[in-house]
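> Any chance you could fold what I've pasted below:
(2 chains)
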Protein chains: 2
Amino acid sequence: MVKWCIKLFVILVYDVNVKRVAKVLKTCRRYLHWVQNSVLEGDITEANLKKLKVELMKIIDKEEDSIIIYILRTTKYSARQIVGLNKGGENLFI
Amino acid sequence: MVKWCIKLFVILVYDVNVKRVAKVLKTCRRYLHWVQNSVLEGDITEANLKKLKVELMKIIDKEEDSIIIYILRTTKYSARQIVGLNKGGENLFI
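Numbers count the residues shown, from 1 in each chain, chains lettered A, B, ... in the order given. Model prediction:
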């Protein structure tokens, strides 16, 4: 189906118990790239986003952990500005 | 000047030493609303975004702390999805 090929640009932020951080990060990194402690971003297909969410649901404790996925309308945000250290690398500015 | 009235929609994610978290959060909350541990979002004018960045620069240790500000092209992201707990409240879905 065509809709599964649509690329989305997402920003994912997790807030999970330290016991599950490594597993959550490892799973997210298979789909997105890491930009900062607990933040990942990248292009992803709808199908892969669905898969990622299913995988995360299996890892997290739904009573305690929280993961926010921002899906942007455009394939890129307008700007990403860093105040302080650039931990994840790439083209940044203030 | 007209440009200072332009409203931006931003997502701010901070990764700062625990010693400075309270101060960073307090500063950010004066401009944006909290959605999750270390994540805030909201509409902000260019002028206020500039002020916020100046204030944050005074608080953080630039060798250790990192704050990412995503400025979106549109006034809203396309969707915000939560996996797990909704800590910051508001209309969420998976």
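
> List of residues touching the lengthiest helix in chain A?
The longest helix of chain A (DSSP state H) is helix A:46-59. With contacts defined as Cβ atoms under 8 Å, 6 or more residues apart in numbering or on different chains, helix A:46-59 is touched by A:3-6, A:8, A:10, A:20, A:23-24, A:27-28, A:30-32, A:44, A:67, A:69, A:71, B:81, B:83-84, B:94. To be clear about C-beta, it is placed using only N, CA and C from the backbone, and glycine gets the same treatment.

> buried stuff in that helix?
Judged by neighbour count using 16 or more other Cβ atoms under 10 Å in any protein chain shown, the buried positions of helix A:46-59 are A:48-49, A:52-53, A:55-56, A:59.

> can you list the weak-confidence ranges in chain A?
Within chain A, the segments meeting pLDDT under 70 span A:1-5, A:73-77, A:87-94.

> Mind telling me which residue is nearest the centre of chain A?
The centroid of chain A falls nearest to A:Leu12 when counting by Cα atoms, centre = their mean (2.8 Å).

> Let me see the contact set for that residue.
By Cβ under 8 Å, 6+ apart, A:Leu12 lies in contact with A:28, A:32, A:39-41, A:67-70.

> make it 10 Å
A:Leu12 sits next to A:24, A:28, A:31-32, A:34-35, A:38-42, A:44, A:49, A:52-53, A:56, A:67-71, B:81, B:83 when contact means Cβ atoms under 10 Å, 6 or more residues apart in numbering or on different chains.

> And A:Glu41, by the same measure?
By Cβ under 10 Å, 6+ apart, the contact set of A:Glu41 is A:9-13, A:32-35, A:70, A:72, A:76-77, A:80, A:88, B:68, B:70.

> and the host helix or strand of it, which strands flank it?
Here A:Glu41 sits within strand A:39-45, counting by DSSP states H and E. Strand A:39-45 has the following strand partners under DSSP bridges: strand A:7-15 (antiparallel), strand A:33-36 (antiparallel).

> which one of those strands is the most hemmed in?
Comparing those by mean neighbour count (mean count of other Cβ atoms under 10 Å in any protein chain shown), strand A:7-15 comes out on top with a mean of 22.

> contacting residues around the following helix or strand past that strand?
Where DSSP H and E defines the elements, the next helix or strand beyond strand A:7-15 is helix A:18-29. Residues outside helix A:18-29 that contact it (Cβ under 10 Å, 6+ apart) are A:12, A:14-17, A:34, A:37-40, A:42, A:51-52, A:55-56, A:58-61, A:64-65, A:67, A:69, B:83.

> Helix A:18-29 versus strand A:39-45: what angle between them?
40 degrees (axes from the mean of the first three to the mean of the last three Cα atoms, to 10 degrees).

> Let's see helix A:18-29 as CSV, backbone CA atoms only.
C-alpha atoms of helix A:18-29 as CSV (Å, rounded to 0.1, in the frame of the first residue of the first chain):
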residue,chain,number,x,y,z
VAL,A,18,17.0,3.8,34.1
LYS,A,19,16.6,0.0,34.0
ARG,A,20,15.0,0.2,30.6
VAL,A,21,17.0,3.0,29.1
ALA,A,22,19.6,0.9,27.3
LYS,A,23,17.0,-1.3,25.7
VAL,A,24,14.8,1.6,24.6
LEU,A,25,17.8,3.5,23.2
LYS,A,26,19.0,0.4,21.3
THR,A,27,15.6,-0.1,19.8
CYS,A,28,15.2,3.5,18.8
ARG,A,29,18.7,3.7,17.2
